[in-house]
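Colleague: quick one, what's the 3D model for this:
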Amino acid sequence: MATTRSKRWNGELSSLSPDFLKEVIEKMDSYGDRIQFEMPHKKNRVPAYQVINARDLKMGFDCRHLLMRLNENGNVSDEMSTVYSLQTIKATLANDGRKTVSRSAGSSTRSSTPRSSSPRAPSAPAVPVDTVEQDKYAYFKENRDYLPDGIARYSQDISQLMRGGMSAEQAFDAIIKAHFQDD
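Modeller: Coordinates of the predicted model:
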């Protein structure tokens, strides 16, 4: 099967490999629902990127998905792509690069003229963001000193309880009562 993917990051999501996008989605599921990529340079086959959470805090990752420090401007690079949503990245992976996915709303820090004069497809309506993982992680981070060792094994159970309507605190308490307290 022939592919149109290039060997280098060219600024288009469709040029990124499915394996790379899967890792990006894992980071986004854990740390934030939006992402920006470093713009292409001669040296990079795969871009560094930053995941942005609901409070606009950024976490930088290099091309191997390892944490990296942000520069003095608070980004992984001086030139960044537009902001993409988690849904856009998932759609790109699902399309496997056969179609160009429209960019999510957001401003680019790069100043240049548009690449083509062809009209873009209208953006899909905004999908509500699932904040369960963000809320769960925030609660865990704030209370890790008080939570029992091994509670991370029940992460999926906590998420399921939260999706059922419990707050993070209620879900953690339910798991602690079920698995860590003697009756």
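Colleague: how near is the most centrally placed residue in the chain to residue 164?
Modeller: In the chain, the C-alpha nearest the mean C-alpha coordinate belongs to residue 28, at 2.1 Å (Cα atoms, centre = their mean). Distance, residue 28 to residue 164, by Cβ to Cβ, to the nearest Å: 23 Å. All C-beta atoms are positioned from the backbone trio N, CA, C, and that covers glycine.
Colleague: just the strands in this protein please.
Modeller: 34-37, 49-52, 58-61, 67-68, 84-85 (DSSP state E).
Colleague: which residues touch the third one?
Modeller: Under the criterion Cβ atoms under 8 Å, 6 or more residues apart in numbering, residues 27, 31-32, 48-53, 67-70, 74-76 lie in contact with strand 58-61.
Colleague: who are the contact partners of residue 67?
Modeller: 59-61.
Colleague: same list (those residues) but as a markdown table, adding neighbour count.
Modeller: As requested, the contacts of residue 67 are exported to a markdown table (neighbours: other Cβ atoms under 10 Å):
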| residue | neighbour count |
| --- | --- |
| 59 | 17 |
| 60 | 20 |
| 61 | 20 |
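Colleague: of those, which is the nearest to residue 38?
Modeller: Among the contacts of residue 67, residue 60 lies closest to residue 38 (Cβ to Cβ), at 9.3 Å.
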